[in-house]
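**Student:** sharing a model that was predicted from the sequence below.
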Amino acid sequence: MKSTDFIVARNDLQDCKFIETQLPDAAALPDEALLIEVDRFAFTANNITYAQLGDQLKYWRLFPAPENFGNIPVWGFGEVIASRHPGIEVGERLFGYFPMATHLAIEAADVSKRSLRDAAAHRQSVAPVYNAYARVSGNPAFAGREGDYQALLRPLFILSFLVDDFLNENDFFGARSVLLSSASSKTAFGLAHLLHTLRKGIRVIGLTSAAHAGFVQSLGCYDEVLTYDRATALPPDSPVAFVDMAGNSELRARLHRHFGDQMKYSGRIGLTHRRSLPDEPELPGARPTWFFAPDQIRKRAREWGPGGIDARFGAAWSGFAPTLQKRLTVVEGRGPAAVQQVYLDTLNGRIPPAQGHMLALMG
């Protein structure tokens, strides 16, 4: 059996192609192994960030590809089509991190009623969350449109949840306003939703392009929406925290120089604009630093104990998920041509922010 994989050149993300890789015969699978058919996955601008940071954050190690190419990880669903594990039956449905491919073979370990992980050696150098699979057969929260929302936004909302928790834990570093660049992005509006509903006294300001301003305003979770050319219209003497989803060096420098010492926190989260300079100059105010979600997860796991993160995140998600029907249109695409088109449109900024794409390489 062969798998069709969609791969991209690591040094030129515009260069992409399909390859076929040989899968082990179902009868020859090693003990504990599973063969999974990848039947549905989400693709958003966040996956472009995975590709941009593929070497730095080890995303390319998850699903090996030919030299100088990478397989972008995606969140989605798969069905077990062959199993050598006594506790996992053919036909079981899993939710987790998959390659942009038709199939994946994994080594099932730490199998419980609710989850398992891939113990393949090449995947052990990344954060454990990227190797975990939820067993979701028969779970209505992962079926139909609810399942689409899980794939499209739950992994991004976890990041939103962790950034909100980090800022609140640090009393927003003395800031009373939070600026979010790329305010139309799904991670940004998830964070804006949490700040707007939970953090009274914090003003939430969205920075976006003129083309997306109307959509950002319609979300109802920003106190003020400014286009990028007006980003420095804000009073420079008010303490602010900057959550940078865009990764635009020029915008970051403008804001730092405008606010100076009033820039109390500058967190780099995403690269939706992909305009970061390799060597950035020293800037006034707080030093820009990358926010690394696994660090906050490990910290809170120690402090909140078993189940603490899941309980708090579950409560946050249950408040956010019902808002998605009016905020997001799910667009489906099947087959290699559809996958490649959505990838290139996302890479080149041609996807409307109100859309979320659920894809499958299987025709």
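**Tutor:** Arrived safely.
**Student:** quick one: stretch 3-15 to chain centroid distance?
**Tutor:** Centroid separation between stretch 3-15 and its chain, computed with CA atoms, centre = their mean, to the nearest Å, is 19 Å.
**Student:** and the contacts of that stretch?
**Tutor:** Outside stretch 3-15, the residues that touch it by CB atoms under 8 Å, 6 or more residues apart in numbering are 16-23, 48, 51-52, 54-55, 60, 63, 65-66, 68-72, 99-104, 336, 339-340, 343-344, 347, 361. Glycine gets a C-beta too; all of them are placed from N, C-alpha and C.
**Student:** quickly list the domain ranges of the protein.
**Tutor:** The record, using automatic domain parsing to delimit domains, assigns the chain the ranges 2-138+328-360, 155-292.
**Student:** closest one to Ser318 among those domains?
**Tutor:** Ser318 sits nearest to domain 155-292 of all these, at 11.2 Å, using CB to CB.
**Student:** distance between the ends of that closest one?
**Tutor:** In domain 155-292, first residue to last residue: 14 Å (CA to CA, to the nearest Å).
**Student:** avg pLDDT for that domain?
**Tutor:** Mean pLDDT, computed over domain 155-292, is 92.
**Student:** ok, back up a step: of the domains of the chain, which approaches Gly319 most closely?
**Tutor:** With CB to CB as the criterion, Gly319 lies closest to domain 155-292 of the domains of the chain, at 6.8 Å.
**Student:** taking the contacts of stretch 3-15, please make a ChimeraX selection of just the buried ones.
**Tutor:** In ChimeraX, this line selects whichever of the contacts of stretch 3-15 come out buried by 16 or more other CB atoms under 10 Å:
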select :16,21,23,48,51,52,54,60,63,65,69,70,71,72,99,100,101,102,103,104,339,340,343,347,361
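**Student:** if we can go back for a sec, could you dump the domains of the chain into TSV with distance to Arg145 added?
**Tutor:** Formatted as TSV, those follow (distance: least, CB to CB, whole Å):
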stretch	distance to Arg145
domain 2-138+328-360	7
domain 155-292	16
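**Student:** so which of the contacts of stretch 3-15 sit within helices?
**Tutor:** Cross-referencing the contacts of stretch 3-15 against helices under DSSP state H gives 48, 51-52, 336, 339-340, 343-344, 347.
**Student:** out of the domains of the chain, nearest to Ala315?
**Tutor:** Comparing the domains of the chain by CB to CB, domain 155-292 comes nearest, at 9.9 Å.
**Student:** gap between that closest one and the chain center?
**Tutor:** 17 Å.
**Student:** avg pLDDT for stretch 330-350?
**Tutor:** Averaging the model's pLDDT scores along stretch 330-350 yields 97.
**Student:** in that stretch, what's buried?
**Tutor:** Going by 16+ other CB under 10 Å, stretch 330-350 has these buried residues: 330, 333, 338-340, 342-343, 346-347.
**Student:** ends of stretch 84-96, how far apart?
**Tutor:** 20 Å.
**Student:** ok, residues contacting that stretch?
**Tutor:** So stretch 84-96 is contacted by 29-34, 36, 75-83, 108, 111, 116, 132-137, 142, 147, 150-151 (CB under 8 Å, 6+ apart).
**Student:** strands - which of those land there?
**Tutor:** Among the contacts of stretch 84-96, DSSP state E puts 33-34, 36, 75-83, 108, 116, 132-135 in strands.
**Student:** buried stuff in stretch 356-363?
**Tutor:** Buried residues in stretch 356-363 (16+ other CB under 10 Å): 356-361.
**Student:** could you do stretch 84-103 as well?
**Tutor:** Across stretch 84-103, burial judged by 16+ other CB under 10 Å covers 84-85, 88, 92-103.
**Student:** hmm, back to that, of the contacts of stretch 3-15, which belong to strands?
**Tutor:** Reading strands off the contacts of stretch 3-15 with DSSP E, I get 16-22, 69-70, 103-104.
**Student:** just to be sure, Ala42 is in a strand?
**Tutor:** Yes. Assessed with DSSP: H, G, I helix; E, B strand; the rest coil, Ala42 lies in a strand.
**Student:** and it, how many residues sit next to it?
**Tutor:** For Ala42, the tally of surrounding residues (other CB atoms under 10 Å) stands at 26.
**Student:** now swap in Glu169 and tell me
**Tutor:** By other CB under 10 Å, the residues close to Glu169 number 12.
**Student:** let me see the contact set for the residue nearest to Ala183 when sequence neighbours are not counted.
**Tutor:** For Ala183, ignoring the flanking residues on the chain, the nearest one in space by CB to CB, 6 or more residues apart in numbering is Gly206 at 3.0 Å. Neighbouring residues of Gly206 by CB under 8 Å, 6+ apart: 180, 183-184, 188, 192, 216, 222, 224-226.
**Student:** now the ones in helices among the contacts of stretch 3-15 in CSV, with distance to Lys2?
**Tutor:** Formatted as CSV, the ones in helices among the contacts of stretch 3-15 follow (distance: CB to CB, whole Å):
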residue, distance to Lys2
Ile48, 27
Ala51, 24
Gln52, 29
Pro336, 14
Val339, 17
Gln340, 18
Tyr343, 21
Leu344, 24
Leu347, 26
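**Student:** still on that earlier bit, who wins on neighbours among the contacts of Gly206?
**Tutor:** That'd be Ala188 among the contacts of Gly206, by other CB under 10 Å, with 32 neighbours.
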